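J.: sequence and predicted model, in that order:
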Amino acid sequence: MSVAYQAVGWNAFKKRHDLVLVAAILAFIAIFVGVGLAIQPTFTVEILLMRAFAVAAITLLHIILAIGPLARLNDRWLPLLYNRRHLGVAMFLLAFIHSALAILTYHVGSALNPIVSIFTSDAGARMSAFPFQTFGFGALMILFVMAATSHDFWLANLTAPVWKTLHMLVYVAYIMLVIHVAFGVLQSETSPVYASLMGLGILGIMGLHLRTGWGQVGLETEAPICEDDDDFVDVCALADLEENLPFGASVGGERVAVIRYEGNKVSCISGVCQHQNGPLAEGQFKHGCLTCPWHGYQYKPHDGTSPEPFTEKIPTFNLKIVDGRVLVKNKPNPAGTPVEPAICPC
Amino acid sequence: MQHYHRNRHRMFWLVLGPLALLLLAAALISRPKWPTMDTLPGAPAKPVPSPPR
């Protein structure tokens, strides 16, 4: 939403959030190494540090993957969603330190290039020689690309759909990390604690995503085509529209937000925020604008543009009210096209 | 126009979750039997218990 480039748009909340994050990571690593030395004195500090950074990274990855569905189930999680990219960069750094420690411990010192050694040291036909480090390296590369493009600069330049698609690679990275952990440390670590935690983590993330996705299926049901005019679809009854409360529907395969405001005006704009495809129909109507619940981007309902000095704009939809029904045209207008609001006789 | 895919992509987990669990289970089942100290070559022989008198 900024009009000038800033490294990070710091505010008091973000500073506090990051301070707590760093303190929690440092405390976790200190406790992990301390407890590890106490209960497994045969382990070296290097090995325990390597594991501490790995466990911290994969725990943080599970937290990151849980924030999205949690924020859709309960608004209390939204502040974490606003700062999720900070968590992502922190997770990449933890994974990077883990990989650096692994390379220093296992791959430096031989005649072979340490990076080449990652790909060749596991080569073999037996399961104990499964190339788990290759999967870890691949996941790290994906996490690097995601961390490097996590800034709004890249979001604006790549456009939200490309950026989102790129960041969906986190799911590929997740599967690669499951393979890295399952065929790596879990081959020699026979304690059931690690395997159980990994299994619970997978079940938890899967359950949260499916619970959220299933709950939203109804919202994606296509509104029926109007009998009298097949260019329009019947979105809802006028009585369904509460003032200043957006109504979400699916029109021509696209999410839209219908809003009644200023008493009797009714408009329809895209239900997809230009910033990160956030759900505008779940936002609030504030200061004459529909406000995205994710990061506060705002759009005027009659033309889909953001208030000055911001330049974002989203498509608008022609709309009419016939016999108490709200009919929306099935083709969007170009982003930022003004549309005269329909006047409801309420 | 941007497409809304936030909910549809959550259903990826119908495939991702079981796949991840399957991989985890496969890895645990195929875990090799690592040699222990007493099975290594050169390990001291176990003391033979003396016969009961």
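T.: In hand now; what should we look at? Residues are numbered from 1 along each chain as shown, chains lettered A, B, ... in the order given.

J.: residue B:15: neighbour count?
T.: Per other Cβ atoms under 10 Å in any protein chain shown, the neighbour tally for residue B:15 reads 12. C-beta here means a position set from N, CA and C on the backbone, and glycine is covered the same way.

J.: make that residue A:38, sorry
T.: Going by other Cβ under 10 Å, the residues that sit close to residue A:38 add up to 8.

J.: so for the strand or helix carrying it, what gets flagged as buried?
T.: Counting by DSSP states H and E, the element that carries residue A:38 is helix A:12-39. For helix A:12-39, burial by neighbour count (16 or more other Cβ atoms under 10 Å in any protein chain shown) applies to A:17-18, A:25, A:28-29, A:32-33, A:36.

J.: could you dump those residues to CSV with pLDDT?
T.: Listed next are the buried residues of helix A:12-39 as CSV, based on pLDDT from 0 to 100:
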residue, pLDDT
A:17, 90
A:18, 92
A:25, 97
A:28, 97
A:29, 97
A:32, 96
A:33, 96
A:36, 93
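
J.: which of those residues sits closest to residue A:10?
T.: Nearest to residue A:10 among the buried residues of helix A:12-39: residue A:18, at 8.9 Å, using Cβ to Cβ.

J.: circling back: what two of the buried residues of helix A:12-39 are the furthest from one another?
T.: A:17 and A:36 (28.3 Å).

J.: distance-wise, check residue A:242 relative to chain B.
T.: Separation of residue A:242 from chain B (Cβ to the nearest Cβ, to the nearest Å) stands at 22 Å.

J.: can you pull the contacts of the most centrally placed residue in chain A?
T.: In chain A, the residue lying closest to the centroid (Cα atoms, centre = their mean) is residue A:68, at 5.6 Å. Residues near residue A:68 by Cβ atoms under 8 Å, 6 or more residues apart in numbering or on different chains: A:81, A:84, A:209, A:212, B:6.

J.: surely the third one is in contact with residue A:72?
T.: In other words, residue A:209. No - under the criterion of Cβ atoms under 8 Å, residue A:209 makes no contact with residue A:72, lying 9.9 Å away.

J.: mind checking pLDDT for residue A:7?
T.: Per-residue confidence (pLDDT) for residue A:7: 60.

J.: meant to ask about residue B:39, not that
T.: 68.

J.: what does the one 5 residues further on give?
T.: Note on residue B:44: pLDDT of 69.

J.: same thing with residue A:156?
T.: 78.

J.: next, count neighbours for it.
T.: 15.

J.: would you say residue A:43 is within a strand?
T.: No - secondary structure of residue A:43, determined by DSSP: H, G, I helix; E, B strand; the rest coil: coil, with no strand assignment.

J.: what about it, how many neighbours?
T.: Neighbours of residue A:43 (other Cβ under 10 Å): 14.

J.: my read: it touches residue A:35, true?
T.: No - in this structure residue A:43 lies outside contact range of residue A:35 using Cβ under 8 Å: 11.0 Å.

J.: show me which positions of stretch A:195-209 end up buried.
T.: For stretch A:195-209, using 16+ other Cβ under 10 Å, the buried residues are A:195, A:198-199, A:201-202, A:205-206, A:208-209.

J.: chain B next: which of these are close?
T.: A:195, A:198-199, A:202, A:205-206, A:209 (Cβ under 8 Å from any Cβ of the partner chain).

J.: out of these, which is nearest to residue A:271?
T.: Closest to residue A:271, out of all of those and judged by Cβ to Cβ, is residue A:209, at 20.6 Å.

J.: residues contacting that closest one?
T.: Residue A:209 neighbours (Cβ under 8 Å, 6+ apart): A:65, A:68-69, B:10, B:12-13, B:17.

J.: let's see 10 Å
T.: A:65-66, A:68-69, A:72, A:171, B:7, B:9-14, B:16-17 (Cβ atoms under 10 Å, 6 or more residues apart in numbering or on different chains).

J.: could you single out the nearest of these to residue A:151?
T.: Of the contacts of residue A:209, the one sitting nearest to residue A:151 (Cβ to Cβ) turns out to be residue A:68, at 19.2 Å.

J.: now the closest one: which helix or strand?
T.: Short version: residue A:68 belongs to helix A:45-73, going by DSSP H and E.

J.: looking at this, residue A:290 is in a helix?
T.: No - looking at residue A:290 with three-state DSSP, it is strand, so not inside a helix.

J.: got a pLDDT number for it?
T.: 92.

J.: who's it bridged to?
T.: residue A:285, residue A:299 (DSSP bridges).

J.: could you pull out the helices in chain B for me?
T.: B:13-29 (DSSP state H).

J.: can you list the weak-confidence ranges in it?
T.: B:1-8, B:34-40, B:44-48, B:52-53 (pLDDT under 70).

J.: for residue A:76, the count of nearby residues, please.
T.: The tally of other residues near residue A:76 (other Cβ under 10 Å) stands at 9.

J.: list the helices and strands the top strand by length along chain A packs on?
T.: Determined from DSSP state E, the single longest strand within chain A is strand A:254-261. On a contact count with 3 or more Cβ pairs under 10 Å, 6 or more residues apart in numbering or on different chains; DSSP states H and E, strand A:254-261 meets strand A:232-237, strand A:247-251, strand A:265-270, strand A:284-286, strand A:289-291, strand A:316-317, strand A:325-329.

J.: highest mean neighbour count out of those?
T.: Stretch with highest mean neighbour count among the helices and strands packed on strand A:254-261: strand A:316-317 (a mean of 27; mean count of other Cβ atoms under 10 Å in any protein chain shown).
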